[in-house]
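*Asks:* What would the 3D arrangement of this be:
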Amino acid sequence: MKDVPDAYAQSTTDADRAIPGPLASYTTLRMGGPAERIVAAGTVDEIIQAVRAAAEPVLILAGGSNVVIGDEGFPGTVVLVRSRGLRVLAEDAGSVTVRVEAGEPWDDLVATTVANGWAGLECLSGIPGSTGATPIQNVGAYGQEVAETITGVEVYDRVEDTRQWIPAADCGFAYRGSIFKYRDRWVVLSVDFRLTRSPLSGPVRYAELARALDVQVGDQVPLADARSAVLRLRAGKGMVLDADDPDTRSVGSFFTNPVLDAATYELFRERAAELGEPPAWPGSDGMVKVSAAWLIDKAGFGKGHPGPAGVAISGKHTLALTNRTGTASTADLLTLAREIRDKVETSFGVSLHPEPVLINCTF
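*Replies:* Modelled structure (predicted):
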């Protein structure tokens, strides 16, 4: 087993502290205007102190991979979460529970769990951003969601001015959501995960991943094989950060897959009949999840579709909207997003909703 650093051993150095400037520097989209003040915080105490000291409004920003910031920037204090590390809280023959600091880069954590033989996060490899963002979004991919392994989230409650631990059952986890999303009451400080001690992945649930691994859905594979396959699939879609690939200047999937009730789904199928059977996955209570990528493509927006002034749909995946030139504006990105949304609505009667959090801009 690799050594696991103490979660509270690291602090912010002078070199880590940010200076005011465009927030584009702190987002994977490379978009966003200036903030009035930017503060880097490298420990739990520094995060809490920075939030307490800031006048309203406050924006908490870590990896910047799931946020769209307006061209006018943010009219307040931005706290950059730069805490690092993880520690083992409990372990037995079959499992291990770890506490991970909010600023720990997510894929670094996944790589560590795979190397240590801890199963549960392997299919979430390659996702950019920080660990603290994962419960907010209930991050998921290739058949796994963080809600399946999170046991609780440590937060700073800005209303009560207290540090609290919220058990997973109270986090309101849902498809790409939680009680933390679109609410600024809680600042995520750390996240606890309970992982399985196993050299093998969980059962492969996603057909595309099963094909890439040359196994059947439901089979298990070595953890490293699952991680490698997911990284290849994501890279092929431009969803692993690469400074030399403009398709990766994005927030990943810009739209969530719509979840429809049975009646709405049948109406959608009727409207889409001449295009063939649309991809869909049954959910609970008769709900059906449909493919946003399919909707976008069939509405006439293929891979590489250009938008205004340097924005475009990714050349690798229709769900990603990209800043191809590196100098495009948020306004132009949202113009393309609205065009896609409106055409899908007109064509299929299905509403698309953004996956990232929008800051000082509207969709």
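
*Asks:* Spatially nearest residue to Ile359, not counting backbone neighbours?
*Replies:* Computed as C-beta to C-beta, 6 or more residues apart in numbering, the closest residue to Ile359 that is not its neighbour in sequence is Ile69, at 4.6 Å. C-beta here means a position set from N, CA and C on the backbone, and glycine is covered the same way.

*Asks:* Surely that neighbour is in contact with Gly32?
*Replies:* Yes - Ile69 is in contact with Gly32 according to C-beta atoms under 8 Å; the separation is 3.1 Å.

*Asks:* so what sits against both of those two?
*Replies:* Jointly contacting Ile69 and Gly32 under the rule C-beta atoms under 8 Å, 6 or more residues apart in numbering are Leu23, Ala24, Thr330, Ile359.

*Asks:* Run a quick neighbour tally on the last one.
*Replies:* Right, the one you point to is Ile359. 19 (other C-beta atoms under 10 Å).

*Asks:* Can you read off the pLDDT for it?
*Replies:* You'll see Ile359 listed with a pLDDT of 95.

*Asks:* what sits against it?
*Replies:* Gly32, Leu59, Val67, Val68, Ile69, Gly70, Phe74.

*Asks:* Next one: the third one from Cys361, what distance?
*Replies:* When you say that, I think you mean Val67. To Cys361, Val67 is 10 Å away according to C-beta to C-beta, to the nearest Å.

*Asks:* which of those two has more neighbours?
*Replies:* Between Val67 and Cys361, counted using other C-beta under 10 Å, the more crowded position is Val67 (24 against 17).

*Asks:* For the more buried one, name its beta-bridge partners.
*Replies:* Taking DSSP bridges as the rule, Val67 bridges to Val357.

*Asks:* helix, strand or coil for Val100?
*Replies:* Applying DSSP: H, G, I helix; E, B strand; the rest coil to Val100 yields a three-state assignment of strand.

*Asks:* burial measure for it, as a count.
*Replies:* 26.

*Asks:* Beta-bridge partners for it, please?
*Replies:* Assessed by DSSP bridges, Val100 has beta-bridge partners Leu86, Val191.

*Asks:* Just the local confidence number for it, please.
*Replies:* Per-residue pLDDT puts Val100 at 98.

*Asks:* do the same with Gly238
*Replies:* Confidence at Gly238, expressed as pLDDT, is 88.

*Asks:* Let me see the contact set for it.
*Replies:* Gly238 makes contact with Asp245, Asp247, Thr248, Ser250, Ser314, Gly315, Lys316, His317, Ala320, Thr322, according to C-beta under 8 Å, 6+ apart.

*Asks:* For the spatially closest residue to it that is not a sequence neighbour, what are phi and psi?
*Replies:* Excluding the flanking residues, the one nearest Gly238 by C-beta to C-beta, 6+ apart is Asp247, at 3.3 Å. When read as degrees, to the nearest 10, the backbone of Asp247 gives phi -70, psi -20.

*Asks:* Asp247 and Gly315 touch, don't they?
*Replies:* Yes - here Asp247 reaches Gly315: they are 5.6 Å apart, a contact under C-beta under 8 Å.

*Asks:* now the strands for the stretch 201-350 of the chain?
*Replies:* Ranges of strands in the stretch 201-350 of the chain, per DSSP state E, counting those that start in this stretch, are 259-260, 280-282, 288-290, 311-313, 321-323.

*Asks:* Run through who's touching the second one.
*Replies:* Which is strand 280-282. Tyr265, Val288, Lys289, Val290, Ser291.

*Asks:* I'd like to know how far the nearest residue to the first one once chain neighbours are set aside sits from Arg271.
*Replies:* Spatial nearest neighbour of Tyr265, chain neighbours left out: Val288 (4.4 Å); criterion: C-beta to C-beta, 6+ apart. Per C-beta to C-beta, Val288 is found 15 Å from Arg271.

*Asks:* what do you get for Arg324?
*Replies:* 32 Å.

*Asks:* same question, Ala229
*Replies:* As judged by C-beta to C-beta, Ala229 and Arg271 stand 35 Å apart.

*Asks:* Among these two, which residue is more densely surrounded?
*Replies:* Ranked by neighbour count (other C-beta under 10 Å), Ala229 and Arg271 place Ala229 first, with 25 against 14.

*Asks:* Next one: the residue lying closest to that one once chain neighbours are set aside from Leu200, what distance?
*Replies:* Residue nearest to Ala229 in three dimensions, not counting chain neighbours: Ala212, with 4.5 Å by C-beta to C-beta, 6+ apart. According to C-beta to C-beta, Ala212 and Leu200 sit 17 Å apart.

*Asks:* So for those two, which sits in the more crowded spot?
*Replies:* Taking other C-beta under 10 Å, Ala212 and Leu200 do not tie; Ala212 has more neighbours (19 against 16).
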